[in-house]
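> Below: sequence and its predicted model.
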Amino acid sequence: MVLQEVAAELWADDNVRCVLVPNGQHVEVQLRNVDGSAFLRKTAPTRQAALNEAEYFRLLLQAHRPTPRRGLKPFALIVEDDQDNREALVEALRLSGMRALGCASGEAGLALARELAPDLIVVDYLLPDVTGAEVCRKLRNDPEIAAPPIIVVTASPETLRAEGCEADAVLTKPCQLDTLIAAARLFVRDLAPDVDDAQWS
């Protein structure tokens, strides 16, 4: 079997390509050079986990790490309509060293983003009033909001990208909380040690 025949390319960044390769019961995430040779391989138990690994590698290559405001812990805003998920995210980000606040709708999230100027925004894709993609567009186009990094979590990343979502990162549900924290660390400095492994579904 030839790898190129079964590999699915997810993204390309300068001279690096990221592909998914089925590997028995698992999925392998590979970073490849322009000649097609793999220089990094990571095995994931499911396709969803592999998509999150691939997104994490993309963020590492971007090395996008703005400096938070001095004197205060970084502040995260979570836009998630499911109360249990919202509370789990708020608690995980607090344990990681951030201040965190959650809300249940896109419009509430936009209002809080204008008022509180968060250092990071985490948005669920399916919200009761608008989609996560629409929240991202409004955040990016609102002159009153100072363009914070945005992480969107969705069970359908392909649909989200097809809508032209302008998020800085797209993580796939079910998402491990430590995966979210790892992504948050790429945007926010000086966070506390990792939280215990848990899953947000």
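Right, received. Where do you want to start?
> Make sure residue 11 is indeed in a helix.
No: Residue 11: not assigned to a helix; according to DSSP: H, G, I helix; E, B strand; the rest coil it is strand.
> hang on, isn't it packed against residue 19?
No: using C-beta atoms under 8 Å, residue 11 is not in contact with residue 19; the gap is 9.2 Å. C-beta: built from backbone N, CA, C; applies to glycine.
> Give me the more crowded residue out of those two.
The neighbour count for residue 11 versus residue 19, taken as other C-beta atoms under 10 Å, is higher for residue 19 (21 against 14).
> So the more buried one versus residue 50, what's the distance?
Remark: distance between residue 19 and residue 50 (C-beta to C-beta, to the nearest Å) = 10 Å.
> Show me whatever sits in contact with both of these two.
Shared contacts of residue 19 and residue 50 (C-beta atoms under 8 Å, 6 or more residues apart in numbering): residue 29.
> in stretch 94-114, what counts as buried?
Using 16 or more other C-beta atoms under 10 Å as the test for burial, stretch 94-114 gives 94-106, 108-110, 112-113.
> Show me what the strand or helix carrying residue 110 packs onto, helices and strands only.
Using DSSP states H and E, residue 110 sits in helix 106-116. With contacts defined as 3 or more C-beta pairs under 8 Å, 6 or more residues apart in numbering; DSSP states H and E, the secondary structure elements packing on helix 106-116 are strand 75-79, strand 99-103, strand 120-124, helix 132-141.
> any idea how far it is from the chain center?
Remark: helix 106-116 is offset 19 Å from the chain centroid, using C-alpha atoms, centre = their mean, to the nearest Å.
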